[in-house]
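*Asks:* Next come a sequence and a model predicted from it.
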Amino acid sequence: MIEYEKLLNEAQYKAATMAEVPALIVAGAGSGKTRTIVYRLAWLIEHGVLPTQILLLTFTRKAAQEMMRRAGDLLPGGVAGLSGGTFHSFAYSVLRQYRPAWLEDRPFTVMDSADQLGVLKECKDALLLGKGDRAFPKTQAVIGLISKCRNKEMRLEELLKMEGPHLLAYEQDLQKLMDAYAEYKRDKAVLDYDDLLFELEALLMSEPGVARSLRAHYRAILVDEYQDTNLVQARLVRILSGIDEGEAGPVMVVGDEAQSIYSFRGATVSNILDFPHLFPGAAVVTLEQNYRSTRPILNVANCVLSHAAEGYRKRLFTERQDGEPVRLKQCISDKSQAEAVAKRIERLLETYPPDEIAVLFRSGYQSYQLEMQLNQRGVKYRKYGGLKYTEAAHVKDVIAYLKLVINPMDYPSFLRLAALFRGIGPKTSQRIYASLGAGDAKALARLRKKHAELFQELDFLNGIRGRLKSSPSTLVGEVVEQYDPLLKRLYPENYPKRRTDLDEVRSMAAGYGDLDLFLADLMLESPEEDEREQGRVVLSTIHSAKGLEWNAVLLIDLAENRFPTRYSLYRDDLYEEERRLMYVACTRARDVLELYAPASLFDRTSGGSMPAELSPFLQELDPSLVEQWSEGYGGRFAKRNVLGRGRAPGVGGFAAPAGTKRMAQAGRGEGSQLPAWDEDGRMPERSKPLAVDELQAVAGGDSADASGTPANEVFEDIAKGKISRCRHRMFGRGKILGVSGTDKIVADFPGYGVKTIVASYLLVEGK
DNA sequence: TGTTGCTCCCTTTTT
DNA sequence: GGGAGCAACA
């Protein structure tokens, strides 16, 4: 018997051992949530519930894996038999067993985002939409809109009014596209991610017998990260609970509205808030004591949240009194930030094991420079978020082969396969696919002659299909061998590395009994982590870091327009979500939290460095909560106040002395969201994008307004030698060497070397 | 007619 | 680095 009362605090104990009624556990960050869930599982099992009768659901794959891992560690019998995973993978497994009627007897496959892209492109072409219209939303954007519509369950018009009024003109076209896309999927028996959830709901509603047998099977349902569920997921929980059938509804959901970070895909906090209404008689337990982080870390996290527009009831507290201060480190540039962080990781490795150190960032690409630094230093890392392993071109190719084995009419995969051969483009693929579907023997014979290579490949796949009973790893191995000559042809430069990846895919298939299960897992659950990757430093997007924790967390790129992203600046709900993201990031740390802010960022559109303001989330911080450091010459950091100085007047934060010229912003094209200056020469607090005509007036150079002297005039002055010195916020005084392009100045800053800098961020001075 | 090659533009977060 | 659009080629 487990002594729950000794092992858990009062609130955790209550949550873990309550009777099997609907329950909402509001669990603050680091409050022992997973621990509580795991003890709940143990308690259920002690009280006669079999592990196979427990369903454990979460939204992200990472959270699902972490939960299963920890349950396995704590439960005496391990997780054997426990059903658990993401909503999507659960939906797939049910749909595979109880197939929707409209599929008839056709095999179906799941599409990933690349497949969606291909299908939508095709629909767009078929409908002749967006031809020659540059303003027509990009295919990727259309996919986003479609998915948002479905996840938020809004009509297209409503969504466009909220998210993109400028697209309202295309509403009808987009609607047509949406319909065509939906029809297409039905026709070809493919499901996208959203379909999995809606198809499951439709199935349960139309076939009460299926719902009944699932309910009879699952005696307990636990949902983690409930604040990240969307409407259809909440309905699924409700249906599965059986509360509408007068059953007790043995559902326990766990969540924290302060950590809601998935509203972009329809997650709604109201699922938590409405839970007691949807499940009358639900028990509510709140966990507030934080066991994870030191006091200084928690102070920073609480401070971040205290500026939230909506108030959060909870304030976390901890008994961990000790702890190093949270450090804020301002670096000269993003490049030097990468160096500083890499160096810091090497130091931390003297104290902590590698897998207890994590670097977190807002978007996948923000770790590129750091990755290069770590590679140079031989520090091994693994990366979460951003591009996935299964998204590498060669892995996608092999997956397309395998999908075609299961579902020969999987069109996205067919396109991918056909495009591998020379002389076959979209039209030819379409023709061949149509002939195959219609069984047009004459046309096929002709096509076969012309495109022998492709048909050889298709014959091979048909052969494999006849032997589906062989082990998946054997089948994958054969497919890889078949693909090998193409791999050599397509990627001569790094063939061996890619071949290793594919052998890896084969070994991953080893544990599976059915090829289609393996494929679905590859699409829906990240495959079992490569053993070589364990015990490494972690680089992760904050979204992917949800539910995880480390001894040391370094948070990078805390600069305006990076975090919060510039997309969030003009909508309060998005801005607030960014703040919660910051909160999630800070609360991942147990002992060490460091905040890195680059003072300038490389800007590829201009090819120069742009000064970067501190992230507003840093500017709001109480300066007494962090130890402030600033990078100086030679990469050395010195304690120096970075916060609380307010924004100095002048460009990029320093005063413009008399006799200096500030240049008007050079043209940056339509749609630029770079900040304009106000009349005092300050950057506005929350920069608004320039209106298009305003921008043209400034960029045109002939109508210099209050914002300064036109760039072309200053460039002329430089050419005439009237101007030879400049000042930059970070680099100080410099000597102008020349100009580059239409908007950049090359200057030598003593101690920093020669820099090419966008002119509008410099102050220039006469001789 | 259809494919391939070249250039310009934009780059969130997940299943 | 990839997608989309356009021009040149088979």
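*Replies:* Structure received. Numbers count the residues shown, from 1 in each chain, chains lettered A, B, ... in the order given.
*Asks:* and A:Arg382, what helix or strand is that in?
*Replies:* In this structure, A:Arg382 sits in strand A:381-384 according to DSSP states H and E.
*Asks:* Over to A:Phe563?
*Replies:* In this structure, A:Phe563 sits in neither a helix nor a strand according to DSSP H and E.
*Asks:* Run through the residues that contact the residue in chain A that DNA strand C sits nearest to.
*Replies:* Taking CB to the nearest atom of the strand, DNA strand C has its nearest neighbour within chain A at A:Thr139, 3.1 Å off. To be clear about C-beta, it is placed using only N, CA and C from the backbone, and glycine gets the same treatment. Counting by CB atoms under 8 Å, 6 or more residues apart in numbering, A:Thr139 makes contact with A:Leu117, A:Leu120, A:Lys121, A:Lys124.
*Asks:* ok, so of those residues, who is nearest A:Leu41?
*Replies:* For those, the residue nearest A:Leu41 by CB to CB is A:Leu117; the value is 39.6 Å.
*Asks:* you'd agree that closest one is up against A:Ile143?
*Replies:* Yes. Between A:Leu117 and A:Ile143 there is a contact under CB atoms under 8 Å: 6.6 Å.
*Asks:* Pick out whichever of the two has more residues nearby.
*Replies:* Set side by side, A:Leu117 and A:Ile143 show more neighbours around A:Ile143, with 19 against 16, by other CB atoms under 10 Å.
*Asks:* separation between that one and A:Ala220?
*Replies:* 36 Å (CB to CB, to the nearest Å).
*Asks:* List the residues that contact A:Gly249.
*Replies:* Going by CB under 8 Å, 6+ apart, A:Gly249 touches A:Val21, A:Pro22, A:Ser241, A:Gly242, A:Ile243, A:Phe279.
*Asks:* Give me the subset of the residues you listed lying in helices.
*Replies:* The subset of those located in helices under the criterion DSSP state H comprises A:Ser241.
*Asks:* which among the contacts of A:Gly249 end up buried?
*Replies:* Among those, those buried by neighbour count (16 or more other CB atoms under 10 Å) are A:Pro22, A:Ser241, A:Gly242, A:Ile243, A:Phe279.
*Asks:* so what's the fourth one up against?
*Replies:* The contact partners of A:Ile243, by CB under 8 Å, 6+ apart, come to A:Pro22, A:Gly249, A:Val251, A:Leu278, A:Phe279.
*Asks:* Low-confidence stretches in the stretch 351-500 of chain A?
*Replies:* The model of the stretch 351-500 of chain A has pLDDT under 70 over residues A:386-390, A:493.
*Asks:* quick one: the helices in it?
*Replies:* Assigned by DSSP state H, counting those that start in this stretch, the stretch 351-500 of chain A shows helices spanning A:368-377, A:393-406, A:411-418, A:426-438, A:441-450, A:452-465, A:472-490, A:495-508.
*Asks:* circling back to that earlier point, may I have the strand holding A:Arg382 as CSV, with CA atoms only?
*Replies:* C-alpha atoms of strand A:381-384 as CSV (Å, rounded to 0.1, in the frame of the first residue of the first chain):
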residue,chain,number,x,y,z
TYR,A,381,22.2,18.7,-28.3
ARG,A,382,18.8,17.6,-29.3
LYS,A,383,16.2,20.0,-30.6
TYR,A,384,12.5,20.0,-30.1
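*Asks:* Give me the helices and strands touching it, please.
*Replies:* helix A:368-377, strand A:537-541 (3 or more CB pairs under 8 Å, 6 or more residues apart in numbering; DSSP states H and E).
*Asks:* what about 6 Å?
*Replies:* Packing partners of strand A:381-384 (3 or more CB pairs under 6 Å, 6 or more residues apart in numbering; DSSP states H and E): strand A:537-541.
*Asks:* And the average pLDDT for the helix or strand that the strand it packs on is followed by is what?
*Replies:* Heading C-terminal from strand A:537-541, the first helix or strand you meet, by DSSP H and E, is helix A:542-545. Regarding helix A:542-545, the rounded mean pLDDT is 89.
*Asks:* cool, stretch A:156-166 as well?
*Replies:* Here stretch A:156-166 scores 82 as its mean pLDDT.
*Asks:* Can you mark which positions in it are buried?
*Replies:* Using 16+ other CB under 10 Å as the burial criterion, the residues of stretch A:156-166 that qualify are A:Leu156, A:Leu159, A:Leu160, A:Glu163.
*Asks:* Out of those, the closest to DNA strand B would be?
*Replies:* The shortest approach to DNA strand B among these belongs to A:Glu163, at 8.9 Å (CB to the nearest atom of the strand).
*Asks:* State the distance from that closest one to A:Leu145.
*Replies:* A:Glu163 sits 8 Å away from A:Leu145, taking CB to CB as the criterion.
*Asks:* Of the buried residues of stretch A:156-166, which belong to strands?
*Replies:* Assigned to strands by DSSP state E, none of the buried residues of stretch A:156-166 qualify.
*Asks:* Find the pair from the residues you listed with maximum spatial separation.
*Replies:* Farthest apart among these by CB to CB are A:Leu156 and A:Glu163. That separation is 10.3 Å.
*Asks:* contact partners of stretch A:31-43?
*Replies:* Stretch A:31-43 is contacted from outside by A:2, A:12, A:15-17, A:27, A:70-71, A:74-75, A:254, A:287, A:290-291, using CB atoms under 6 Å, 6 or more residues apart in numbering.
*Asks:* can you check stretch A:511-523 too?
*Replies:* A:Tyr92, A:Val110, A:Asp112, A:Thr390, A:Leu402, A:Ile406, A:Pro472, A:Leu475, A:Ala509.
*Asks:* quick one: buried residues of it?
*Replies:* Residues A:Tyr512, A:Leu515, A:Asp516, A:Leu517, A:Phe518, A:Leu519, A:Ala520, A:Asp521, A:Leu522, A:Met523 are the ones in stretch A:511-523 that count as buried (16+ other CB under 10 Å).
*Asks:* of all those, which comes closest to DNA strand B?
*Replies:* Within these, proximity to DNA strand B (CB to the nearest atom of the strand) peaks at A:Met523, which comes in at 7.7 Å.
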